[in-house]
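>>> Just a sequence and a predicted model for now, questions to come.
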Amino acid sequence: MPMASPQTLLFCLLVLAIPESWGQETAIPGCHMHPFNVTVRSDRQGTCQGSHVAQACVGHCESSAFPSRYSVLVASGYRHNITSVSQCCTISSLKKVKVQLQCVGNRREELEIFTARACQCDMCRLSRY
């Protein structure tokens, strides 16, 4: 049986060492939905709790910076010499989902939480919700 070359073995080890999620994340450019687990509790003591897979918006959007126009320089007293334009990956629409909570004594409750329905590149804001 022929032996593999050292280069082939190294390549195989590198392929095995790359986490599966790396390829998935880098294969989707821009702004997109990303699932994550949420644990919901009815109170601080965790009397009732449940978990649900919610959707977040993750990714990157366009941004640029350039020298300001002369009119902007004059209007700002020559303090605003760089103009930057950027967009952030944001939730463009939400939806409510019901989470089943398991309570003490085999009791069940239901709670509604929000999750992303769609994502888009939009104006960057400190807080939207």
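That came through fine.

>>> Let me see the mean pLDDT of stretch 55-63.
Taken as a whole, stretch 55-63 has an average pLDDT of 93.

>>> Sorry, slip of the keys, the one I care about is stretch 109-124.
93.

>>> can you offset everything so residue one is 232?
Taking 232 as the first residue, the last one we looked at is stretch 340-355.

>>> Other residues contacting it?
For stretch 340-355, the surrounding residues in contact (CB atoms under 8 Å, 6 or more residues apart in numbering) are 261-264, 269, 271, 273, 279, 281, 283, 285-288, 290, 292-293, 317-332, 334, 360. In this view, the C-beta of every residue, glycine as well, is placed from N, C-alpha and C.

>>> Can I have the buried ones of those as a PyMOL selection?
Typed into PyMOL, the line below selects the buried ones among those, using 16 or more other CB atoms under 10 Å:
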select buried, resi 262+263+264+271+279+281+283+285+286+288+290+319+320+321+322+328+330+332
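
>>> If we ignore the residues flanking it in sequence, what's nearest Val335?
Take Val335 and drop its neighbours on the chain: the residue closest to it by CB to CB, 6 or more residues apart in numbering is Thr278, 5.8 Å away.
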